[in-house]
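[1] Sequence first, then the predicted structure:
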Amino acid sequence: MRKWGAVITLFYALVVLLLVVPGAIWIAQGEMLFVYRQYITWFPIVIVIAGQALLLFLSVDTSFQRLKPRAHILLSCAVAGTLWALLSGAAIFAVGVGIYGDRFGGKFLDEYALHCWGALWAVWLVVFYAYFRNSSATITRVTSWLLKGSVLELLIAVPAHVAARRRHDCSAPAVTSFGIATGIAIMLLCFGPSVLLLYKKRMNEYVKTKAATR
């Protein structure tokens, strides 16, 4: 199971690096090498890839859950809060540039983006911890929430991108394309843990059936 988790994480990293990010750069009409050279580009890339790996291995390795349930739940909530902060932050920025254009994209993003994401992460961490602390199916519900959130975020980012492009804004399309890339990346992220959890469930059922027939 751990090997499958590593394979899925590697495949997801390649999809993000070779398809999702270049696709976002293309719709924003940016320069590929210039964007990849910017250190800020690698923050969301590292976050989503690390989130995929953590959710996969948390869903596979539950042997330590009985010994450290609070640490296990808090780590899951921290990962979920980080990914939801990306989604909700991207949605807020997309709405902002969709309405105000480059004025929002310049001033707000330069001065308040990191503060906004930090506040969103803290809020979502508390929300997920309060909701999941007595739950035994944390990863399943987290991936379900993330999938729904990514669909909602795309429903916001895509129209905002169309509006920004029609106004011929300069920096706004880069913000909305980031929102589109974030929504797609986290939507794809959800399928890894979901598939592995389904496989694990079928294996457990097979083991139980095998034991019952003896």
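    Nice, thanks for sending it over. This is a predicted model, so every value here is computed, not measured.
[2] Okay, strands next: where are they in the protein?
    Read by DSSP state E, the chain holds no strands at all.
[3] Show me the helices in it, by range?
    2-15, 21-27, 32-37, 39-60, 69-100, 102-103, 109-132, 138-166, 172-212 (DSSP state H).
[4] Would you format those as CSV with mean neighbour count and mean pLDDT included?
    From N, CA and C alone the C-beta is placed, and that goes for glycine too. Listed next are those as CSV, based on neighbours: other CB atoms under 10 Å; pLDDT from 0 to 100:
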stretch, mean neighbour count, mean pLDDT
helix 2-15, 15, 85
helix 21-27, 17, 92
helix 32-37, 12, 88
helix 39-60, 18, 86
helix 69-100, 21, 85
helix 102-103, 16, 81
helix 109-132, 15, 85
helix 138-166, 19, 90
helix 172-212, 18, 79
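[5] And residue 56, how far from residue 98?
    34 Å (CB to CB, to the nearest Å).
[6] Please disregard the earlier target; I meant residue 19.
    25 Å.
[7] what residues are up against the residue most central in space within the chain?
    Ranked by distance to the mean C-alpha position of the chain (CA atoms, centre = their mean), the top residue is residue 186 at 3.5 Å. When contacts are counted by CB atoms under 8 Å, 6 or more residues apart in numbering, residue 186 touches 48, 83, 86-87, 146, 149-150, 153.
[8] same deal with residue 193?
    52, 55-56, 59, 139, 143.
[9] change it to 7 Å
    55-56, 59, 139, 143 (CB atoms under 7 Å, 6 or more residues apart in numbering).
[10] re earlier: without its sequence neighbours, what residue ends up closest to the residue nearest to the centre of the chain?
    Closest residue in space to residue 186, ignoring its immediate chain neighbours: residue 150 at 4.4 Å, by CB to CB, 6 or more residues apart in numbering.
[11] right, and that neighbour touches residue 183 too?
    Yes - Residue 150 is in contact with residue 183 according to CB atoms under 7 Å; the separation is 4.7 Å.
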